[in-house]
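Trainee: sequence and predicted structure are below.
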Amino acid sequence: TQSTWVVGAGIPILFMEISLGQFTTLSTYGAWDIYPALKGIGIGTTIMVWYLNLYYVIIISWGVYYLYSSFTTGPLPWEVCDPTYQGQCFDDNSRIDIMKNLSDICGNCTIKQAGYKHSSELFWEERVLGLSDGLHQVGSIQPHLAISLVVAWILVYVCIIRGVQWTGKVVWFTGLFPYVMLIILFIRAVTLEGAADGIRYYLKPDFSRLADGEVWLDAGTQIFWSMSLSLGSMTALGSYNDFRHNCLRDALCFAGVNVFTSIFGGFCIFGVLGYMANEMGVPIQDVTVGGPGLTFIAYPKALSMMPTGSTVFSIMFFLMIMFLGLDSEFVAVEAFVAQIMDIFPSYFKFRFARELLITCTACFSLLIGLIMVTEGGMYIFKIMDFYSASGVTMLLFTLSQCIGVAYFYGGMRYKKDVEAMMGFEIPLYFPVCWYAITPIVCLFIGVMYFKELAPLEYGTYVFPEWSQPIGWTIALSTFSMVPLYLIIRTIMEWKNLNVLRTAILKPHQVHPLSVPPLLYKDIMKSHSWTMQHS
């Protein structure tokens, strides 16, 4: 499923977004000057990336707290049962005795069937989250998570406040350090007893799941998330490229590294899960979980079960999680700031305007994010994660961008513009994807998704029906900007509809007001190459 998404949508959209930002030297809102009627895409992705900034930093704050908790000379705090836990708890020391008692009471019933939870699960639910009974019970702010959230925002702020050049230097560390940790964890994982069973389970496909629409949507969301697609981030970062830069090479390398990292990370994860299943004497599918549960329940549990070095490996793992989160978060914040400055350029002409906007964004987002570190914060987080910046909203924006470039601006027309910019021909594969393959893939997955749409769940908790209108309101607040902007512009330009259907950037003729003068001269010179090869 992921390979289909990468080839059919990931690479074509990644190249489109980066090249669009590079060609126009603007973020998503300004870049859609190529067809002004669709500038609602820029507004919608700006709102969506702000939603992403609000809740994605929560994951970093969880990683910060786990990292802090890992610095201990004794056992890791999730290794043992705490007397304050309200649930029935078992750990590795008490598991055998509990199983013996259960066999006398209920025969072949398992620990889970008897209502017991592992200490790592109760640590997550009661110590970290202070999880309430449901969405209706928001509860109070958890002080330890609020402090972790402040630390997370300070780290993001420090990474981006000094500009893109400083951020680029930071990425050399935050981007490469997780790979060092991943290699170390991989070496440790494959040497554990039972790791081969986990890896075998990882590599063995279950073709029956291909009929499950949620599997396809989750795969697409993972690809789009890992590549930061349909969020405006890649367009904003592409706008900083040199006009002649080979962004096609960048897109292919980025996609290749992304796929490799996903596959390699799978070996690390399932090797450890195989070891955990072997130690517990249960099938591998009984210990596999998804979402936050994998990172903050299953993996900490596996780390605590390691024969030696559990504290060291825990510190390494959560350092990796924190840096991976920071990489994604400060790119998203940078994209949001760039898009706001493009939407309202007249308000940001004074000195230190960017720095002030970043400061206000961080402070305001921190205050709103506090609602997700309450006792019911996880339920709010799940709603934001499901509806605001993943799944169906990303599908809709991907579809809009493909239709906008291929059918409104012209896919072959855009291909020639990009060729003129970079100085060489690009494969026909890209316009074919923009015209047909990517929209078909998106529509197919969208149909499967809505066909099997079910109420949102977290563990055994099923979200109430009244939460669905809230979630869809959040989703519509982003994508509705596309048709809403089109309608408003149509009304405003009713007497001159050519403004809506005429792009500022025409084939082989770039409007001098749309790009800086030096770049304009460069583009005009490059058109002679295109004319010779057309």
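Mentor: Sure, I can see it.
Trainee: neighbours of residue 494, how many?
Mentor: 9 (other C-beta atoms under 10 Å). (C-beta placed from N, C-alpha, C; glycine too.)
Trainee: endpoints of stretch 237-250, how far apart?
Mentor: Distance between the two ends of stretch 237-250: 12 Å, counting by C-alpha to C-alpha, to the nearest Å.
Trainee: quick one: contacts of that stretch?
Mentor: Stretch 237-250 is touched from outside by 15, 17-27, 31, 164, 331, 334-335, 338, 421-423, 426, 519, 522-523, with contacts defined as C-beta atoms under 8 Å, 6 or more residues apart in numbering.
Trainee: report the distance from it to the chain centre.
Mentor: Taking the mean of its C-alpha atoms, stretch 237-250 sits 22 Å from the chain's own mean (C-alpha atoms, centre = their mean, to the nearest Å).
Trainee: can you list the residues that contact stretch 207-214?
Mentor: Judged by C-beta under 8 Å, 6+ apart, the contacts made with stretch 207-214 from elsewhere in the structure are 1, 215-216, 445, 447-449, 451-452.
Trainee: same thing but at 10 Å, please
Mentor: Taking C-beta atoms under 10 Å, 6 or more residues apart in numbering as the criterion, the residues outside stretch 207-214 that touch it are 1, 4, 206, 215-216, 218, 391, 444-454.
Trainee: who's in contact with residue 316?
Mentor: Counted by C-beta under 10 Å, 6+ apart, residue 316 has contacts 67, 70, 177-178, 180-182, 184-185, 188, 303, 309.
Trainee: coming back round to it: out of the contacts of stretch 207-214, which are buried?
Mentor: Burial by neighbour count, judged by 16 or more other C-beta atoms under 10 Å, picks out 1, 4, 215-216, 218, 391, 445-446, 448-449 from these.
Trainee: among those, give me the pair with the biggest separation.
Mentor: The distance between the two most remote of the buried ones among the contacts of stretch 207-214 (C-beta to C-beta) is 16.4 Å, for 4 and 391.
Trainee: for residue 266, pull up the helix or strand it's in.
Mentor: Element membership for residue 266, per DSSP states H and E: helix 247-280.
Trainee: tell me the phi and psi of residue 348?
Mentor: Geometry field for residue 348 lists phi and psi as phi -130, psi 50, criterion degrees, to the nearest 10.
Trainee: now it: how far from residue 366?
Mentor: Summarising the geometry, the distance separating residue 348 from residue 366, computed by C-beta to C-beta, to the nearest Å, is 21 Å.
Trainee: who has more neighbours, those two?
Mentor: Of the pair residue 348 and residue 366, residue 366 is the one with more neighbours under other C-beta under 10 Å, namely 19 against 16.
Trainee: need the nearest residue in space to that one, chain neighbours excluded.
Mentor: When the adjacent residues along the chain are set aside, residue 366 lies closest to residue 153, with 4.9 Å between them (C-beta to C-beta, 6 or more residues apart in numbering).
Trainee: show me what contacts that neighbour?
Mentor: Contacts of residue 153 (C-beta under 10 Å, 6+ apart): 53, 57, 60-61, 329, 333, 361-363, 365-366, 369.
Trainee: before we move on, which element is it in?
Mentor: With elements taken from DSSP H and E, the one containing residue 153 is helix 143-160.
Trainee: residues of the next helix or strand after that helix that come out buried?
Mentor: Next in sequence after helix 143-160, counting helices and strands by DSSP H and E, comes helix 164-190. Applying a neighbour-count criterion of 16+ other C-beta under 10 Å, the buried positions in helix 164-190 are 167, 170, 174, 177-178, 181-182, 184-186, 188-190.
Trainee: from the chain's centroid, how far away is helix 164-190?
Mentor: In terms of C-alpha atoms, centre = their mean, the centre of helix 164-190 is set 17 Å apart from its chain centre.
Trainee: next secondary structure element downstream of it?
Mentor: According to DSSP H and E, the helix or strand after helix 164-190 is helix 195-203.
Trainee: counting contacts, what elements does that following helix pack onto?
Mentor: helix 164-190, helix 247-280 (3 or more C-beta pairs under 10 Å, 6 or more residues apart in numbering; DSSP states H and E).
Trainee: tell me which other helices or strands the helix or strand just after the longest one touches.
Mentor: Once helix 247-280 ends, the next helix or strand along the chain (criterion: DSSP H and E) is helix 292-293. With contacts defined as 3+ C-beta pairs under 10 Å, 6+ apart, helix 292-293 has these neighbours: helix 40-70, helix 377-387.
Trainee: compile those helices into CSV and extend it with columns for distance to residue 251, mean neighbour count and mean pLDDT.
Mentor: What follows is the helices and strands packed on helix 292-293, written out as CSV (distance: least, C-beta to C-beta, whole Å; neighbours: other C-beta atoms under 10 Å; pLDDT from 0 to 100):
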stretch, distance to residue 251, mean neighbour count, mean pLDDT
helix 40-70, 18, 24, 93
helix 377-387, 26, 22, 92
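Trainee: any chance of those in JSON lines, with distance to residue 493 too?
Mentor: Written out in JSON lines, the entries for the helices and strands packed on helix 292-293 read as follows (distance: least, C-beta to C-beta, whole Å):
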{"stretch": "helix 40-70", "distance to residue 493": "14"}
{"stretch": "helix 377-387", "distance to residue 493": "32"}
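Trainee: still on that earlier bit, let me know the closest of the buried residues of helix 164-190 to residue 277.
Mentor: Nearest to residue 277 among the buried residues of helix 164-190 is residue 189, at 13.0 Å by C-beta to C-beta.
Trainee: so that closest one makes contact with residue 267?
Mentor: Yes: at 7.2 Å, residue 189 counts as touching residue 267 under the criterion of C-beta atoms under 10 Å.
Trainee: ok, the closest residue to residue 322 other than its chain neighbours - contacts?
Mentor: The spatial neighbour of residue 322 that comes closest, neighbours along the chain excluded (C-beta to C-beta, 6+ apart), is residue 63 at 4.3 Å. Each residue near residue 63 by C-beta under 10 Å, 6+ apart is listed here: 148, 152, 295-296, 317-326.
Trainee: one more: residue 47?
Mentor: Applying C-beta under 10 Å, 6+ apart as the definition, the contact partners of residue 47 turn out to be 232, 336, 339, 388-389, 474, 477-481.
Trainee: now do residue 77
Mentor: With contact set as C-beta under 10 Å, 6+ apart, residue 77 has these partners: 66, 69-70, 119-120, 123, 127-128, 300, 304.
Trainee: re earlier: please enumerate the shared neighbours of residue 189 and residue 267.
Mentor: Common neighbours of residue 189 and residue 267, using C-beta under 10 Å, 6+ apart, are 182, 195, 198-199.
Trainee: residue 409 is in contact with residue 23, correct?
Mentor: No: taking C-beta under 10 Å as the contact criterion, residue 23 and residue 409 are not neighbours in contact, 11.2 Å apart.
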